[in-house]
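In: next comes the sequence, and after it the predicted model I'd like to discuss.
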Amino acid sequence: MVRSFQTQKNASLRSFSSLSSSHSPTMALPFSSLFSLLLLLMFFVTEICNALPVAQNGTVEYLKLRLLHIKPSPSEAISFDIHRLSVLFSALHTSQSLKSPVVSGASTGSGQYFVDLRLGTPPQKLLLVADTGSDLVWVQCSACRDCSRHSPGSSFLARHSTTFSPHHCYDSECHLVPLPRHHRCNHTRLHSPCRYEYSYADGSVTSGFFSKETTTLNTSSGREARLKGVAFGCAFRISGPSVSGASFNGAHGVMGLGRGPISLSSQLGRRFGNKFSYCLMDHTLSPPPTSYLLIGGSQKDVAPGKGRVRYTPIHTNPLSPTFYYIEIQSVSVDGVKLPIDPSVWALDEQGNGGTVVDSGTTLTFLPEPAYRQILSTMKRRVRLPSPVEPTPDFDLCVNVSGIEHPSLPRLSFKLEGDSVFSPPPRNYFLDIEDDVKCLALQAVMTPSGFSVIGNLMQQGFLLEFDKDRTRLGFSRHGCALP
(Lines give C-alpha, C1' and ligand atoms only; values in the text may rest on other atoms or scores of the structure.)
Protein backbone atom coordinates (compact mmCIF):
# COMPACT_ATOMS: atom_id res chain seq x y z
CA MET A 1 0.00 0.00 0.00
CA VAL A 2 2.88 2.37 0.75
CA ARG A 3 4.31 1.64 -2.69
CA SER A 4 0.92 2.34 -4.28
CA PHE A 5 0.64 5.69 -2.51
CA GLN A 6 4.18 6.67 -3.49
CA THR A 7 3.48 5.74 -7.13
CA GLN A 8 0.34 7.87 -7.07
CA LYS A 9 2.19 10.81 -5.54
CA ASN A 10 5.04 10.62 -8.04
CA ALA A 11 2.57 10.52 -10.93
CA SER A 12 1.03 13.75 -9.67
CA LEU A 13 4.43 15.35 -9.14
CA ARG A 14 5.34 14.67 -12.77
CA SER A 15 2.85 17.40 -13.69
CA PHE A 16 4.96 20.11 -11.99
CA SER A 17 6.86 21.21 -15.07
CA SER A 18 3.67 21.75 -17.06
CA LEU A 19 2.17 23.69 -14.16
CA SER A 20 5.10 26.07 -13.84
CA SER A 21 4.89 26.93 -17.53
CA SER A 22 1.16 27.71 -17.39
CA HIS A 23 0.22 31.40 -17.48
CA SER A 24 -3.54 31.26 -17.81
CA PRO A 25 -5.58 33.83 -15.86
CA THR A 26 -7.89 32.97 -12.97
CA MET A 27 -11.50 31.97 -13.31
CA ALA A 28 -13.13 30.46 -10.23
CA LEU A 29 -15.98 28.01 -10.69
CA PRO A 30 -19.26 29.64 -9.60
CA PHE A 31 -21.65 27.57 -7.50
CA SER A 32 -24.95 28.08 -5.72
CA SER A 33 -25.32 28.63 -2.00
CA LEU A 34 -26.82 25.15 -1.53
CA PHE A 35 -24.00 23.46 -3.41
CA SER A 36 -21.49 25.53 -1.42
CA LEU A 37 -23.04 24.31 1.83
CA LEU A 38 -22.88 20.69 0.66
CA LEU A 39 -19.21 21.11 -0.26
CA LEU A 40 -18.51 22.63 3.13
CA LEU A 41 -20.06 19.63 4.89
CA MET A 42 -18.21 17.17 2.68
CA PHE A 43 -14.94 19.02 3.15
CA PHE A 44 -14.94 18.42 6.87
CA VAL A 45 -15.45 14.68 6.54
CA THR A 46 -11.67 14.35 6.49
CA GLU A 47 -8.95 12.62 8.42
CA ILE A 48 -9.07 15.36 11.07
CA CYS A 49 -10.82 13.88 14.09
CA ASN A 50 -13.89 15.72 15.41
CA ALA A 51 -13.45 14.86 19.09
CA LEU A 52 -12.09 17.61 21.30
CA PRO A 53 -8.72 16.43 22.67
CA VAL A 54 -8.31 16.30 26.42
CA ALA A 55 -4.99 16.62 28.28
CA GLN A 56 -3.95 14.24 31.06
CA ASN A 57 -5.11 16.69 33.73
CA GLY A 58 -8.64 16.64 32.26
CA THR A 59 -8.59 20.10 30.66
CA VAL A 60 -9.56 20.62 27.02
CA GLU A 61 -6.51 21.14 24.83
CA TYR A 62 -6.12 23.84 22.23
CA LEU A 63 -3.38 24.66 19.75
CA LYS A 64 -0.86 27.27 20.86
CA LEU A 65 1.32 28.85 18.17
CA ARG A 66 3.93 31.51 18.85
CA LEU A 67 3.53 34.67 16.78
CA LEU A 68 6.72 36.28 15.51
CA HIS A 69 6.55 40.04 15.03
CA ILE A 70 8.47 42.17 12.55
CA LYS A 71 7.79 45.84 13.17
CA PRO A 72 7.79 48.11 10.10
CA SER A 73 8.84 51.74 10.27
CA PRO A 74 5.93 54.25 10.38
CA SER A 75 6.46 55.22 6.74
CA GLU A 76 6.60 51.54 5.71
CA ALA A 77 3.45 50.79 7.70
CA ILE A 78 1.49 53.53 5.92
CA SER A 79 2.80 52.51 2.51
CA PHE A 80 2.02 48.82 3.03
CA ASP A 81 -1.38 49.57 4.58
CA ILE A 82 -2.49 51.84 1.74
CA HIS A 83 -1.43 49.25 -0.83
CA ARG A 84 -3.20 46.48 1.05
CA LEU A 85 -6.46 48.39 1.35
CA SER A 86 -6.43 49.59 -2.25
CA VAL A 87 -6.14 45.97 -3.42
CA LEU A 88 -8.88 44.78 -1.06
CA PHE A 89 -11.21 47.65 -1.98
CA SER A 90 -10.77 47.04 -5.70
CA ALA A 91 -11.23 43.28 -5.31
CA LEU A 92 -14.44 43.86 -3.35
CA HIS A 93 -16.31 45.13 -6.40
CA THR A 94 -14.71 43.29 -9.30
CA SER A 95 -16.62 40.69 -11.26
CA GLN A 96 -14.49 37.95 -9.72
CA SER A 97 -15.31 38.88 -6.15
CA LEU A 98 -18.51 36.82 -6.18
CA LYS A 99 -16.79 33.83 -7.78
CA SER A 100 -13.61 33.54 -5.77
CA PRO A 101 -13.96 31.97 -2.33
CA VAL A 102 -10.87 33.85 -1.13
CA VAL A 103 -9.19 37.20 -1.54
CA SER A 104 -5.90 37.11 0.31
CA GLY A 105 -5.20 40.15 2.41
CA ALA A 106 -1.91 38.90 3.79
CA SER A 107 -0.38 38.91 0.37
CA THR A 108 -1.03 42.63 0.08
CA GLY A 109 -0.18 43.67 3.61
CA SER A 110 2.81 44.48 5.72
CA GLY A 111 3.39 40.90 6.81
CA GLN A 112 4.21 41.64 10.43
CA TYR A 113 2.96 38.57 12.29
CA PHE A 114 4.35 35.18 11.34
CA VAL A 115 3.80 31.60 12.43
CA ASP A 116 6.20 28.67 12.11
CA LEU A 117 4.32 25.82 10.41
CA ARG A 118 5.81 22.33 10.36
CA LEU A 119 4.47 20.59 7.29
CA GLY A 120 4.97 17.07 5.95
CA THR A 121 6.59 13.83 7.12
CA PRO A 122 9.24 14.33 8.33
CA PRO A 123 8.18 17.87 9.28
CA GLN A 124 9.60 20.79 7.27
CA LYS A 125 9.60 24.17 9.04
CA LEU A 126 8.19 27.13 7.09
CA LEU A 127 7.46 30.75 8.03
CA LEU A 128 3.93 31.90 7.11
CA VAL A 129 2.14 35.24 7.38
CA ALA A 130 -0.75 34.90 9.86
CA ASP A 131 -3.73 36.68 8.33
CA THR A 132 -7.38 37.04 9.31
CA GLY A 133 -8.07 38.59 5.89
CA SER A 134 -7.65 35.40 3.84
CA ASP A 135 -8.77 31.78 3.80
CA LEU A 136 -6.31 29.72 1.81
CA VAL A 137 -3.23 28.27 3.48
CA TRP A 138 -0.51 28.22 0.82
CA VAL A 139 3.23 27.66 0.86
CA GLN A 140 6.00 28.02 -1.68
CA CYS A 141 6.74 24.55 -3.04
CA SER A 142 9.54 22.89 -4.96
CA ALA A 143 9.39 19.71 -7.01
CA CYS A 144 13.16 19.19 -6.92
CA ARG A 145 14.61 15.69 -6.76
CA ASP A 146 18.12 16.80 -5.82
CA CYS A 147 17.30 19.61 -3.38
CA SER A 148 20.85 20.39 -2.30
CA ARG A 149 20.56 23.89 -3.78
CA HIS A 150 17.59 24.73 -1.57
CA SER A 151 18.43 26.13 1.84
CA PRO A 152 16.40 24.52 4.66
CA GLY A 153 13.02 26.18 5.16
CA SER A 154 13.13 28.17 1.91
CA SER A 155 10.28 26.14 0.38
CA PHE A 156 8.29 22.98 0.95
CA LEU A 157 10.00 20.01 -0.71
CA ALA A 158 7.00 17.92 -1.73
CA ARG A 159 8.99 14.89 -2.91
CA HIS A 160 10.66 14.66 0.50
CA SER A 161 7.39 14.12 2.37
CA THR A 162 5.84 10.66 2.59
CA THR A 163 2.40 12.11 3.40
CA PHE A 164 2.04 14.73 0.64
CA SER A 165 -0.98 14.13 -1.59
CA PRO A 166 -2.58 16.50 -4.13
CA HIS A 167 -6.36 16.56 -4.29
CA HIS A 168 -7.72 15.14 -7.55
CA CYS A 169 -9.44 17.55 -9.89
CA TYR A 170 -12.68 15.59 -9.57
CA ASP A 171 -12.66 15.77 -5.74
CA SER A 172 -15.38 17.99 -4.28
CA GLU A 173 -12.71 19.94 -2.41
CA CYS A 174 -11.30 21.17 -5.71
CA HIS A 175 -14.34 23.43 -6.15
CA LEU A 176 -13.34 25.40 -3.04
CA VAL A 177 -10.40 27.09 -4.79
CA PRO A 178 -10.24 29.25 -7.96
CA LEU A 179 -9.24 27.17 -10.97
CA PRO A 180 -7.13 28.24 -13.96
CA ARG A 181 -9.27 29.41 -16.88
CA HIS A 182 -8.33 26.59 -19.24
CA HIS A 183 -8.13 23.91 -16.57
CA ARG A 184 -9.73 20.66 -17.70
CA CYS A 185 -10.29 17.65 -15.51
CA ASN A 186 -9.77 14.30 -17.16
CA HIS A 187 -11.97 12.00 -15.11
CA THR A 188 -10.54 8.92 -16.79
CA ARG A 189 -7.00 9.62 -15.57
CA LEU A 190 -6.08 8.31 -12.16
CA HIS A 191 -3.53 11.02 -11.44
CA SER A 192 -5.13 14.34 -12.37
CA PRO A 193 -4.28 16.88 -9.62
CA CYS A 194 -6.44 19.81 -8.58
CA ARG A 195 -4.77 22.95 -9.93
CA TYR A 196 -5.56 26.36 -8.47
CA GLU A 197 -4.59 29.89 -9.46
CA TYR A 198 -4.92 33.10 -7.47
CA SER A 199 -4.64 36.39 -9.30
CA TYR A 200 -4.52 39.51 -7.15
CA ALA A 201 -5.72 42.97 -8.11
CA ASP A 202 -2.16 44.24 -8.61
CA GLY A 203 -1.31 41.41 -11.03
CA SER A 204 0.46 39.14 -8.55
CA VAL A 205 -0.13 35.41 -9.01
CA THR A 206 0.30 32.25 -6.99
CA SER A 207 -0.63 28.92 -8.54
CA GLY A 208 -0.04 25.24 -7.91
CA PHE A 209 -1.74 22.11 -6.59
CA PHE A 210 -4.47 22.16 -3.96
CA SER A 211 -3.21 19.38 -1.71
CA LYS A 212 -3.43 17.76 1.71
CA GLU A 213 -0.67 17.09 4.16
CA THR A 214 0.16 16.30 7.78
CA THR A 215 1.10 19.26 9.98
CA THR A 216 2.73 19.23 13.41
CA LEU A 217 1.64 21.88 15.93
CA ASN A 218 2.11 22.52 19.66
CA THR A 219 -0.80 22.23 22.08
CA SER A 220 -1.59 24.03 25.32
CA SER A 221 -0.42 21.01 27.34
CA GLY A 222 3.04 21.17 25.76
CA ARG A 223 2.70 18.09 23.59
CA GLU A 224 2.93 17.95 19.80
CA ALA A 225 -0.17 17.18 17.75
CA ARG A 226 0.22 15.58 14.30
CA LEU A 227 -2.84 16.52 12.27
CA LYS A 228 -3.54 14.63 9.07
CA GLY A 229 -5.35 15.76 5.95
CA VAL A 230 -4.86 19.53 6.31
CA ALA A 231 -5.69 21.20 2.99
CA PHE A 232 -3.28 23.76 1.55
CA GLY A 233 -2.07 25.25 -1.70
CA CYS A 234 1.31 23.94 -2.86
CA ALA A 235 2.47 26.95 -4.94
CA PHE A 236 4.96 26.31 -7.73
CA ARG A 237 4.54 29.63 -9.50
CA ILE A 238 4.75 32.86 -7.51
CA SER A 239 5.14 36.26 -9.13
CA GLY A 240 4.37 39.89 -8.39
CA PRO A 241 5.04 42.35 -5.55
CA SER A 242 2.21 41.17 -3.29
CA VAL A 243 3.60 37.66 -2.86
CA SER A 244 7.33 38.19 -3.18
CA GLY A 245 8.14 41.85 -2.45
CA ALA A 246 9.52 43.64 0.58
CA SER A 247 6.11 43.63 2.29
CA PHE A 248 6.25 39.83 2.44
CA ASN A 249 9.30 40.04 4.73
CA GLY A 250 10.81 36.75 3.58
CA ALA A 251 7.75 34.62 4.40
CA HIS A 252 7.20 31.35 2.53
CA GLY A 253 3.43 31.57 2.32
CA VAL A 254 0.21 32.58 4.05
CA MET A 255 -1.72 31.02 6.93
CA GLY A 256 -5.32 31.99 6.16
CA LEU A 257 -7.44 32.49 9.29
CA GLY A 258 -10.56 33.82 7.58
CA ARG A 259 -14.13 32.58 7.82
CA GLY A 260 -14.13 30.23 4.81
CA PRO A 261 -14.02 26.41 5.05
CA ILE A 262 -10.42 26.09 3.83
CA SER A 263 -8.84 28.45 6.36
CA LEU A 264 -6.64 26.79 8.96
CA SER A 265 -8.85 28.01 11.80
CA SER A 266 -11.92 26.44 10.12
CA GLN A 267 -10.21 23.13 9.34
CA LEU A 268 -8.69 22.63 12.77
CA GLY A 269 -11.62 24.20 14.57
CA ARG A 270 -13.63 21.03 14.00
CA ARG A 271 -11.24 19.21 16.30
CA PHE A 272 -10.19 21.86 18.79
CA GLY A 273 -13.34 24.03 18.93
CA ASN A 274 -14.56 26.33 16.19
CA LYS A 275 -12.87 29.47 17.43
CA PHE A 276 -9.45 31.04 17.63
CA SER A 277 -7.93 33.86 19.62
CA TYR A 278 -4.76 35.87 19.84
CA CYS A 279 -3.00 38.40 22.00
CA LEU A 280 -0.83 40.97 20.26
CA MET A 281 1.48 42.14 23.00
CA ASP A 282 2.71 45.72 23.33
CA HIS A 283 5.65 46.02 20.92
CA THR A 284 7.00 49.10 22.76
CA LEU A 285 8.01 47.00 25.78
CA SER A 286 11.62 45.86 26.09
CA PRO A 287 12.27 43.02 25.74
CA PRO A 288 9.08 42.55 23.72
CA PRO A 289 6.80 39.84 25.19
CA THR A 290 5.68 36.88 23.09
CA SER A 291 2.35 36.96 21.29
CA TYR A 292 0.37 33.77 20.72
CA LEU A 293 -2.21 32.47 18.27
CA LEU A 294 -4.57 29.98 19.94
CA ILE A 295 -6.87 27.68 17.95
CA GLY A 296 -9.68 26.19 20.01
CA GLY A 297 -10.31 26.49 23.71
CA SER A 298 -12.21 29.41 25.20
CA GLN A 299 -11.45 32.48 27.23
CA LYS A 300 -11.93 30.56 30.48
CA ASP A 301 -9.43 27.94 29.25
CA VAL A 302 -6.95 30.48 27.90
CA ALA A 303 -7.10 32.94 30.80
CA PRO A 304 -9.19 31.49 33.66
CA GLY A 305 -10.42 33.99 36.25
CA LYS A 306 -8.96 36.94 34.38
CA GLY A 307 -12.10 39.07 34.14
CA ARG A 308 -15.03 39.77 31.88
CA VAL A 309 -14.98 39.30 28.12
CA ARG A 310 -17.18 41.65 26.10
CA TYR A 311 -18.77 40.45 22.88
CA THR A 312 -20.03 42.01 19.69
CA PRO A 313 -21.67 40.16 16.76
CA ILE A 314 -19.67 39.28 13.65
CA HIS A 315 -21.45 40.16 10.40
CA THR A 316 -21.06 38.75 6.90
CA ASN A 317 -20.58 40.78 3.74
CA PRO A 318 -21.67 38.57 0.80
CA LEU A 319 -19.09 40.31 -1.40
CA SER A 320 -16.25 39.41 0.98
CA PRO A 321 -17.39 36.56 3.27
CA THR A 322 -13.82 35.95 4.39
CA PHE A 323 -13.59 39.09 6.53
CA TYR A 324 -14.67 39.58 10.14
CA TYR A 325 -17.09 42.53 10.08
CA ILE A 326 -18.31 44.24 13.24
CA GLU A 327 -20.62 47.22 13.73
CA ILE A 328 -19.43 50.49 15.27
CA GLN A 329 -22.38 52.50 16.59
CA SER A 330 -20.65 55.60 17.93
CA VAL A 331 -17.27 57.04 18.93
CA SER A 332 -16.34 59.08 22.00
CA VAL A 333 -13.29 61.13 22.92
CA ASP A 334 -12.67 61.58 26.66
CA GLY A 335 -16.18 60.27 27.31
CA VAL A 336 -17.93 62.74 25.00
CA LYS A 337 -19.90 61.18 22.15
CA LEU A 338 -19.06 62.75 18.80
CA PRO A 339 -21.85 63.91 16.42
CA ILE A 340 -21.18 61.34 13.69
CA ASP A 341 -24.09 60.15 11.54
CA PRO A 342 -24.62 56.39 12.29
CA SER A 343 -24.95 55.71 8.54
CA VAL A 344 -21.21 56.43 8.24
CA TRP A 345 -20.50 53.09 9.91
CA ALA A 346 -23.18 51.01 8.17
CA LEU A 347 -22.60 47.99 5.93
CA ASP A 348 -25.12 48.60 3.14
CA GLU A 349 -26.91 46.15 0.83
CA GLN A 350 -24.34 46.72 -1.92
CA GLY A 351 -21.49 45.56 0.35
CA ASN A 352 -20.11 49.05 0.95
CA GLY A 353 -18.92 50.29 4.32
CA GLY A 354 -18.80 48.37 7.56
CA THR A 355 -15.79 47.73 9.79
CA VAL A 356 -13.30 44.86 9.51
CA VAL A 357 -11.04 43.59 12.30
CA ASP A 358 -7.77 42.77 10.55
CA SER A 359 -4.43 41.37 11.73
CA GLY A 360 -2.51 42.38 8.60
CA THR A 361 -3.10 46.15 8.68
CA THR A 362 -1.05 48.22 11.11
CA LEU A 363 -2.97 51.46 11.49
CA THR A 364 -6.71 51.99 11.91
CA PHE A 365 -8.66 53.38 8.94
CA LEU A 366 -11.98 55.15 9.45
CA PRO A 367 -14.53 56.77 7.09
CA GLU A 368 -13.47 60.29 6.16
CA PRO A 369 -16.41 62.07 7.92
CA ALA A 370 -15.74 60.18 11.16
CA TYR A 371 -11.99 60.68 10.88
CA ARG A 372 -12.39 64.47 10.51
CA GLN A 373 -14.61 64.65 13.60
CA ILE A 374 -12.14 62.62 15.68
CA LEU A 375 -9.15 64.60 14.39
CA SER A 376 -10.66 68.01 15.13
CA THR A 377 -11.73 66.89 18.61
CA MET A 378 -8.28 65.45 19.34
CA LYS A 379 -6.60 68.68 18.24
CA ARG A 380 -8.79 70.74 20.58
CA ARG A 381 -8.09 68.50 23.56
CA VAL A 382 -4.35 68.01 23.13
CA ARG A 383 -2.32 70.35 25.35
CA LEU A 384 1.13 69.49 24.01
CA PRO A 385 3.35 71.37 21.56
CA SER A 386 3.79 70.34 17.92
CA PRO A 387 7.09 68.82 16.74
CA VAL A 388 9.77 71.09 15.36
CA GLU A 389 10.05 69.11 12.13
CA PRO A 390 6.95 68.50 9.94
CA THR A 391 5.39 65.01 9.79
CA PRO A 392 3.83 64.78 6.32
CA ASP A 393 2.24 61.32 6.73
CA PHE A 394 0.24 62.21 9.84
CA ASP A 395 -2.32 64.94 10.58
CA LEU A 396 -1.69 65.23 14.33
CA CYS A 397 1.66 64.88 16.08
CA VAL A 398 2.88 66.08 19.48
CA ASN A 399 6.25 66.74 21.08
CA VAL A 400 6.52 64.80 24.37
CA SER A 401 10.13 65.78 25.13
CA GLY A 402 10.76 65.77 28.88
CA ILE A 403 7.29 64.38 29.68
CA GLU A 404 7.39 60.91 31.19
CA HIS A 405 3.62 60.28 31.11
CA PRO A 406 2.02 62.59 28.53
CA SER A 407 -1.72 63.18 28.86
CA LEU A 408 -3.45 62.21 25.63
CA PRO A 409 -7.16 62.06 24.73
CA ARG A 410 -8.96 58.75 25.30
CA LEU A 411 -10.76 57.19 22.34
CA SER A 412 -13.56 54.63 22.70
CA PHE A 413 -15.85 52.79 20.28
CA LYS A 414 -19.38 51.76 21.21
CA LEU A 415 -20.09 48.48 19.42
CA GLU A 416 -23.22 46.51 18.69
CA GLY A 417 -24.22 44.34 21.63
CA ASP A 418 -23.83 47.14 24.19
CA SER A 419 -20.06 46.63 24.42
CA VAL A 420 -17.41 49.35 24.47
CA PHE A 421 -13.90 48.96 23.06
CA SER A 422 -11.63 51.42 24.90
CA PRO A 423 -7.97 51.00 23.93
CA PRO A 424 -5.27 52.98 25.75
CA PRO A 425 -3.67 55.97 23.93
CA ARG A 426 -0.52 53.97 23.14
CA ASN A 427 -2.69 51.89 20.76
CA TYR A 428 -3.43 54.90 18.55
CA PHE A 429 -0.58 57.33 19.25
CA LEU A 430 2.48 55.92 17.50
CA ASP A 431 6.12 56.70 18.34
CA ILE A 432 7.35 58.21 15.08
CA GLU A 433 10.76 59.18 16.42
CA ASP A 434 12.30 60.12 19.75
CA ASP A 435 9.90 62.34 21.72
CA VAL A 436 7.36 62.52 18.88
CA LYS A 437 3.99 60.74 18.92
CA CYS A 438 1.46 60.84 16.08
CA LEU A 439 -2.20 59.89 15.82
CA ALA A 440 -2.15 56.46 14.09
CA LEU A 441 -5.51 56.90 12.34
CA GLN A 442 -6.06 57.37 8.62
CA ALA A 443 -9.09 58.35 6.55
CA VAL A 444 -10.85 56.01 4.10
CA MET A 445 -11.58 58.31 1.20
CA THR A 446 -13.50 55.96 -1.10
CA PRO A 447 -17.26 55.58 -0.39
CA SER A 448 -17.12 51.88 -1.34
CA GLY A 449 -14.34 51.11 1.14
CA PHE A 450 -14.63 49.77 4.67
CA SER A 451 -13.16 50.77 8.02
CA VAL A 452 -10.34 48.68 9.47
CA ILE A 453 -9.35 48.12 13.10
CA GLY A 454 -5.63 47.46 12.62
CA ASN A 455 -3.26 45.40 14.73
CA LEU A 456 -1.81 48.41 16.58
CA MET A 457 -5.28 49.22 17.95
CA GLN A 458 -5.68 45.57 19.03
CA GLN A 459 -2.50 45.41 21.16
CA GLY A 460 -2.89 44.29 24.74
CA PHE A 461 -6.32 42.71 24.15
CA LEU A 462 -7.31 39.08 24.01
CA LEU A 463 -9.42 38.81 20.85
CA GLU A 464 -11.57 35.69 20.48
CA PHE A 465 -13.12 34.93 17.08
CA ASP A 466 -16.02 32.60 17.89
CA LYS A 467 -17.27 31.17 14.59
CA ASP A 468 -20.03 28.99 16.03
CA ARG A 469 -21.68 31.93 17.78
CA THR A 470 -20.57 34.46 15.13
CA ARG A 471 -19.21 36.88 17.69
CA LEU A 472 -15.97 38.63 18.56
CA GLY A 473 -14.89 38.69 22.18
CA PHE A 474 -12.32 41.09 23.58
CA SER A 475 -10.79 41.67 26.99
CA ARG A 476 -7.91 43.68 28.44
CA HIS A 477 -7.32 40.68 30.72
CA GLY A 478 -5.95 37.38 29.55
CA CYS A 479 -2.99 38.57 27.50
CA ALA A 480 -0.47 37.72 30.21
CA LEU A 481 0.23 34.32 28.65
CA PRO A 482 3.15 32.15 29.75
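Out: Received, thanks.
In: residue ranges with poor pLDDT in the stretch 51-200 of the chain?
Out: Low-confidence segments of the stretch 51-200 of the chain (pLDDT under 70): 51-60, 87-111, 187-191, 200.
In: 50 instead, please
Out: Applying pLDDT under 50 to the stretch 51-200 of the chain flags residues 51-52, 58, 95-111.
In: and the strands in it?
Out: 63-69, 113-119, 124-131, 138-142, 156-157, 165-166, 179-180, 195-199 (DSSP state E, counting those that start in this stretch).
In: of those, which is nearest residue 454?
Out: Each of these has some distance to residue 454 by CB to CB; the shortest is strand 113-119, at 11.7 Å. Placement of C-beta: from N, CA and C, glycine included.
In: for residue 224, find the nearest of the strands of the stretch 51-200 of the chain.
Out: strand 113-119 (8.7 Å).
In: next, the angle from the closest one to strand 138-142.
Out: For strand 113-119 against strand 138-142, the angle by axes from the mean of the first three to the mean of the last three CA atoms, to 10 degrees is 50 degrees.
In: for strand 113-119, name the packing helices and strands.
Out: Packing partners of strand 113-119 (3 or more CB pairs under 8 Å, 6 or more residues apart in numbering; DSSP states H and E): strand 63-69, strand 124-131, strand 205-218, strand 253-256.
In: could you export the strands of the stretch 51-200 of the chain as CSV, including distance to residue 468?
Out: Below are those laid out as CSV (distance: least, CB to CB, whole Å):
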stretch, distance to residue 468
strand 63-69, 17
strand 113-119, 23
strand 124-131, 21
strand 138-142, 26
strand 156-157, 31
strand 165-166, 29
strand 179-180, 30
strand 195-199, 28
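In: of all the ones you listed, which one is nearest residue 293?
Out: Using CB to CB, the strands of the stretch 51-200 of the chain put strand 63-69 closest to residue 293, at 4.5 Å.
In: could I get the strands of the stretch 51-200 of the chain as CSV with distance to residue 262 and mean neighbour count?
Out: Putting the strands of the stretch 51-200 of the chain into CSV (distance: least, CB to CB, whole Å; neighbours: other CB atoms under 10 Å) gives the following:
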stretch, distance to residue 262, mean neighbour count
strand 63-69, 17, 18
strand 113-119, 15, 21
strand 124-131, 13, 23
strand 138-142, 10, 25
strand 156-157, 17, 23
strand 165-166, 15, 22
strand 179-180, 14, 20
strand 195-199, 10, 25
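In: out of those, which comes closest to residue 365?
Out: strand 124-131 (16.6 Å).
In: and that closest one, what does it pack against?
Out: Looks like strand 124-131 contacts strand 113-119, strand 138-142, strand 156-157, strand 253-256 (3+ CB pairs under 8 Å, 6+ apart).
In: beta partners for the residue positioned nearest the centre of the chain?
Out: By CA atoms, centre = their mean, the chain has its centre lying nearest to residue 131, at 1.5 Å. Counting by DSSP bridges, residue 131 is bridged to residue 256.
In: distance of it from residue 120?
Out: Per CB to CB, to the nearest Å, residue 131 is found 22 Å from residue 120.
In: also residue 162?
Out: 8 Å.
In: ok, the two, which is more surrounded?
Out: residue 120 (21 against 14; other CB atoms under 10 Å).
In: ok, the more buried one - contacts?
Out: The neighbourhood of residue 120, defined by CB atoms under 8 Å, 6 or more residues apart in numbering, consists of 156-158, 160-161, 163-164, 213-214.
In: just the buried residues out of those, in ChimeraX syntax.
Out: Restricted to buried positions by 16 or more other CB atoms under 10 Å, the ChimeraX selection for these reads:
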select :156,157,158,160,161,163,164,213,214
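In: which of the contacts of residue 120 sit farthest apart?
Out: 157 and 214 (14.4 Å).
In: which SS class is the residue sitting furthest away from the middle of the chain?
Out: Within the chain, residue 402 marks the point farthest from the mean C-alpha position, 38.9 Å out by CA atoms, centre = their mean. Residue 402 falls in the coil class when you classify it by DSSP: H, G, I helix; E, B strand; the rest coil.
In: OK, contacts around the nearest residue to it once chain neighbours are set aside?
Out: Once flanking residues are discounted, residue 402 sits nearest to residue 435: 7.9 Å by CB to CB, 6 or more residues apart in numbering. By CB under 8 Å, 6+ apart, residue 435 lies in contact with 399-402.
In: what does residue 451 give?
Out: 328, 345, 353-356, 364-367, 370, 444.
In: of all those residues, which comes closest to residue 411?
Out: Using CB to CB, those come closest to residue 411 at residue 364, 9.4 Å.
In: tally of neighbours for residue 265?
Out: Residue 265 - counted by other CB under 10 Å - has 26 other residues nearby.
In: that one sits in which helix or strand?
Out: helix 264-272 (DSSP states H and E).
In: identify the single longest strand in the protein, thanks.
Out: As assigned by DSSP state E, the longest strand anywhere in the chain is strand 224-239.
In: buried stuff in it?
Out: 225, 227, 230-238.
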